[in-house]
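Undergrad: attaching a predicted model along with its sequence, questions to come.
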Amino acid sequence: SALESTVGVIRDRVRALDPELPVFNISTVKEALSVNRWPQRVFGSMFAIFALIALLLATVGLYAVTAYAVARRTREIGVRVALGADARQVWWAVTGPTLRQLALGLLMGLVGAAAVSTVLPAMLAGTGGANPLTLIGVAILLLVLGIGACVIPGLRATRLDPIAALRSE
């Protein structure tokens, strides 16, 4: 290959200048950079995996809290439906508190991320400020997953039979 022939030429030239000078570990700049940046790639991949696990746990947690709230409020939901509440009112009664918590968490997270992104560049060389597109993208992803976690328990609450709900417990 081209690299092997170039390495041979370099070895011959170095031997012509000084036969005692060892020549080893010859590589391209791309290969050297790849080897030098390996720890950053590994830690970056680990952080991405941990972020995905945290996102999954947060989504499952929101789903579990909302589903538990629906199970605890079965009788109340049955009374609401028996008194004439429509599906939209029942859905908001069940998912409203979870969505408010989600909105508050997103607001606090965005404020915290903006604060950290202004302090971090002063402490670590080579880090830039906040990327607004990244912050908005993450916020939208969290919002979509949070709403998705509320949909199943909310729909389950809207389909409750009022008679069965009043007989439960």
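TA: Everything's here; your move. Numbers count the residues shown, from 1 in each chain.

Undergrad: what helix or strand is S5 on?
TA: Assessed by DSSP states H and E, S5 sits inside helix 2-17.

Undergrad: next secondary structure after the helix or strand where G148 lies?
TA: When elements are assigned from DSSP H and E, G148 belongs to helix 132-158. Where DSSP H and E defines the elements, the next helix or strand beyond helix 132-158 is helix 162-167.

Undergrad: kindly provide the whole-number mean pLDDT of that next one.
TA: Averaged over helix 162-167, pLDDT sits at 77.

Undergrad: can you check stretch 95-113 too?
TA: Average pLDDT, stretch 95-113: 90.

Undergrad: send me it as CSV with only the CA atoms.
TA: The C-alpha trace of stretch 95-113 is given here as CSV (Å, rounded to 0.1, in the frame of the first residue of the first chain):
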residue,chain,number,x,y,z
THR,A,95,-52.4,13.7,33.3
GLY,A,96,-52.5,17.4,34.3
PRO,A,97,-50.4,17.0,37.5
THR,A,98,-47.8,14.9,35.7
LEU,A,99,-47.6,17.4,32.8
ARG,A,100,-47.2,20.3,35.2
GLN,A,101,-44.4,18.4,36.9
LEU,A,102,-42.9,17.7,33.5
ALA,A,103,-43.1,21.4,32.5
LEU,A,104,-41.5,22.5,35.8
GLY,A,105,-38.7,20.0,35.4
LEU,A,106,-38.0,21.1,31.9
LEU,A,107,-37.9,24.7,32.9
MET,A,108,-35.6,24.0,35.8
GLY,A,109,-33.4,21.8,33.6
LEU,A,110,-33.1,24.4,30.8
VAL,A,111,-32.2,27.2,33.3
GLY,A,112,-29.6,24.9,34.9
ALA,A,113,-28.2,23.9,31.6
